[in-house]
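Colleague: the following comprises the amino acid sequence and a computationally predicted model.
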Amino acid sequence: MFDRSEALALLQLGDSAFPAGGFAFSWGIEGLAADGLLSGHDDLDDVIADHLAQRWATMDRILLRRAWHADDTAAMAGVDRLAEAATPSAEMREGSRRAGRALLGVWVKLTGALSIAYRARVSADPRLGHLPVVQAITGRDAGLGLDAAELVSGWTLVTGLVSAAVRLGLIGHIESQRSLARGRALLSDVLTDTPDHDAIPSSFTPFIDIAVSRGPLRHVRMFTT
């Protein structure tokens, strides 16, 4: 049965206007474009597919699900430390923490009980605050189900990548809608499969990781990652 309340919550939390700081991150789009590896709509769709299949589905989603099922904030912190250890790129680690801490900050201001409790741990440990862990925590604060929390996580990744491409002038607004539609279909396919309970988080997006890692070497850049 169609759940109007949850659908409206998804529209709110998945909206690019939700003040979670996502506009600061391109997750490799800017670097790939600077290196001549992304120049238009087709290239963007390939990058979105790589992100979803080779990073989000196999790593972020696994971490989100583990944090979702964690019994307390100590167990959530354990998942957070796993996210830190499983991310070789220093820039990707920093980006994930900054994005997660920004989202957590919003939910602390929205008086999310679990977010408030977890912020004490994040404030005491600079390794904590990774985005997928915080997405699980804030999803629970928002009253979402796990399926809905995963949907918001994957969708905000897609919209963030497309938004970055538009702001960099790589695609126009009509092309962005085509990429969003393509990303929506890919995300739906990815969500069809349920990961094993004991799945180990891993990713393999070498070109994206290199593009993000080269960011600090660029004299001018718009995005943090």
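Modeller: Nice, thanks for sending it over. Residues are numbered from 1 along each chain as shown.
Colleague: can you pull out the helices in the chain?
Modeller: All helices of the chain, identified by DSSP state H, fall at 4-13, 29-34, 41-50, 61-69, 73-85, 90-109, 113-124, 131-141, 146-167, 173-192, 206-213.
Colleague: dump those into a markdown table; add mean neighbour count as well.
Modeller: C-beta here means a position set from N, CA and C on the backbone, and glycine is covered the same way. Below are the helices of the chain laid out as a markdown table (neighbours: other Cβ atoms under 10 Å):
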| stretch | mean neighbour count |
| --- | --- |
| helix 4-13 | 13 |
| helix 29-34 | 24 |
| helix 41-50 | 18 |
| helix 61-69 | 23 |
| helix 73-85 | 19 |
| helix 90-109 | 20 |
| helix 113-124 | 17 |
| helix 131-141 | 27 |
| helix 146-167 | 21 |
| helix 173-192 | 15 |
| helix 206-213 | 19 |
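Colleague: to T225, which of those helices lies closest?
Modeller: T225 lies closest to helix 90-109 among these, at 3.8 Å (Cβ to Cβ).
Colleague: got the angle between that closest one and helix 206-213?
Modeller: Relative orientation of helix 90-109 versus helix 206-213 (axes from the mean of the first three to the mean of the last three Cα atoms, to 10 degrees): 70 degrees.
Colleague: what packs against helix 90-109?
Modeller: With contacts taken as 3 or more Cβ pairs under 8 Å, 6 or more residues apart in numbering; DSSP states H and E, helix 90-109 sits against helix 113-124, helix 131-141, helix 206-213.
Colleague: no more questions from me, cheers.
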